[in-house]
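In: Show me the folded form of this:
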Amino acid sequence: MDADTLSPPLTVRVDLGARSYDILIGAGLMARAGALIAPFAGQSRVFVVSDDTVWRLHGDRLKAGLAASGIEALELVLPAGESTKNWAQLGDVLDWLLAQGAGRDDVLIAFGGGVIGDLTGLAASLLKRGMRFVQIPTTLLAQVDSSVGGKTAVNSSHGKNLVGAFYQPKLVIADTTVLTTLPDRERQAGYAEIIKYGLINDPAFIDWLDDNGANVLALEPAAIAEAVAVSCRAKAGIVAQDEREGGVRALLNLGHTFGHALEAANGYGSQLLHGEAVGAGMVLALRYSARLSLMSATDAERAADLIAQSGLETNLADLPGGPYQADALVEAMRQDKKARAGEVPLILAKGLGESFIYPNADLQDVQAFLTEELQKS
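Out: From the prediction side, this is the model:
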């Protein structure tokens, strides 16, 4: 299919009252970016924050799509990578916007993966106490996870995403065409988050992925659009119930407490991508659920097999960035932002598609479990 084929997008509504917005999903949407964004633009210009990789690959197409509706793009291009999501870069983005005369009625576009989305969204929330914000996610992980739900943040020396705000976009444009330029490793990392939605509360989606996962990973147009739409619909439903993560939204952290500990052990570097850490973290969460006799080991291993079939590593001892130490991982879990008064909650499961909040993990037992996992290969 031609990259700019104007087929009707799939639409997922995030229902948050006055803060509601649409997620548009389909191929070739950047060709219509100007028409889609124009209703939110107070002026014939928009501000775009991107990274050097995304801008080199797709910047001209975005500018052309905006220009087709008479909208000029003023861009700020940052270095690619997790290290960009920091205080200094946040300050640079805000200083640039102020120098350009940006105001509340302007639109700021995050054009990139999760790093750019998180950083740009936080900048939008802060600029004159809030300017309009549009997400155009360019990675599979960002399209199904970080661009949806309004979480914005930067990292600090104390951990990942510890400084941020809940700030919803006006629109999310998920152009599946841009995914064709992703390296296989990035595609697999995003697929881990797709599997997550099935494991949380949708066993039928797990069955669908069993049958269609190869087509999703191959970016077959109908399969990838459906997978992104189901994922966004699942997340939108949870966010609508619990926008600020006071309850059920915590289920979206399946695999993340283990995963963030793995990322911390790597200094949030490129040895281990976020989706790779989450994929391994989900396997650990389900195997730990089986250890506690909450679910069967057979179901836990079925999920592990589904994750492994995408090319992701599921054995802790063989995970990139190792070797890992059980005590260091547990200490990182203690520092997780979800910890409260020394208690560390985990998202565990009673079966496939039956995840729940386990409020206070026995970290001594978790350490013993991780020690055993590190001996597998």
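In: remind me, longest helix of the protein?
Out: Ranked by number of residues, the top helix in the chain under DSSP state H is helix 221-241.
In: Can you name every helix or strand that that one contacts?
Out: strand 10-14, strand 21-26, strand 171-175, helix 184-201, helix 203-217 (3 or more C-beta pairs under 8 Å, 6 or more residues apart in numbering; DSSP states H and E). From N, CA and C alone the C-beta is placed, and that goes for glycine too.
In: Check these for me and report the most buried one.
Out: Each of those was scored by mean neighbour count; the highest is strand 171-175, a mean of 26, by mean count of other C-beta atoms under 10 Å.
In: CA atoms only: put that strand into CSV for me.
Out: Extracted C-alpha coordinates of strand 171-175, given in CSV (Å, rounded to 0.1, in the frame of the first residue of the first chain):
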residue,chain,number,x,y,z
LEU,A,171,-5.1,14.3,19.7
VAL,A,172,-2.9,11.2,19.1
ILE,A,173,-2.0,10.4,15.4
ALA,A,174,-0.7,6.8,15.1
ASP,A,175,0.5,6.5,11.5
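In: how far away is the residue lying closest to residue 94 once chain neighbours are set aside from residue 39?
Out: Nearest non-adjacent residue to residue 94, counting by C-beta to C-beta, 6 or more residues apart in numbering: residue 123, 5.5 Å away. From residue 123 across to residue 39, the span is 22 Å (C-beta to C-beta, to the nearest Å).
In: who's more crowded, the two?
Out: More crowded of residue 123 and residue 39, by other C-beta atoms under 10 Å: residue 123, with 28 against 8.
In: got the CA positions of the helix or strand harbouring the more buried one in CSV?
Out: Using DSSP states H and E, residue 123 sits in helix 114-126. The C-alpha trace of helix 114-126 is given here as CSV (Å, rounded to 0.1, in the frame of the first residue of the first chain):
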residue,chain,number,x,y,z
GLY,A,114,8.3,7.5,24.3
VAL,A,115,11.3,9.6,25.2
ILE,A,116,10.2,12.5,23.0
GLY,A,117,6.5,12.1,24.0
ASP,A,118,7.2,12.1,27.7
LEU,A,119,9.6,15.1,27.6
THR,A,120,7.5,17.2,25.2
GLY,A,121,4.3,16.5,27.1
LEU,A,122,5.8,17.7,30.3
ALA,A,123,7.1,20.8,28.6
ALA,A,124,3.6,21.4,27.2
SER,A,125,2.1,21.1,30.7
LEU,A,126,4.6,23.7,32.1
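In: what's it packed up against?
Out: Contact partners of helix 114-126 among helices and strands, from 3+ C-beta pairs under 8 Å, 6+ apart: strand 45-51, helix 87-99, strand 107-112, strand 132-137, strand 151-156, strand 159-166.
In: Which one of the ones you listed lies nearest to residue 261?
Out: With C-beta to C-beta as the measure, strand 159-166 is the member of those nearest residue 261 (10.3 Å).
In: For residue 231, which non-adjacent residue is closest in space?
Out: In space, residue 231 is closest to residue 144, 3.8 Å off (C-beta to C-beta, 6+ apart).
In: The one you found against residue 228, yeah?
Out: Yes - counting by C-beta atoms under 8 Å, residue 144 touches residue 228, with 5.6 Å between them.
In: got any residues that touch both of those two?
Out: residue 194 (C-beta atoms under 8 Å, 6 or more residues apart in numbering).
In: More neighbours: these two, which one.
Out: Neighbours per residue (other C-beta under 10 Å) separate residue 144 from residue 228, with residue 144 holding more: 29 against 25.
In: Give me the distance between that one and residue 339.
Out: Per C-beta to C-beta, residue 144 is found 26 Å from residue 339.
In: ditto for residue 80
Out: Residue 80 is 31 Å from residue 339, by C-beta to C-beta.
In: neighbour count winner among the two?
Out: Taking neighbours as other C-beta under 10 Å, residue 80 and residue 339 compare with residue 80 leading, 19 against 15.
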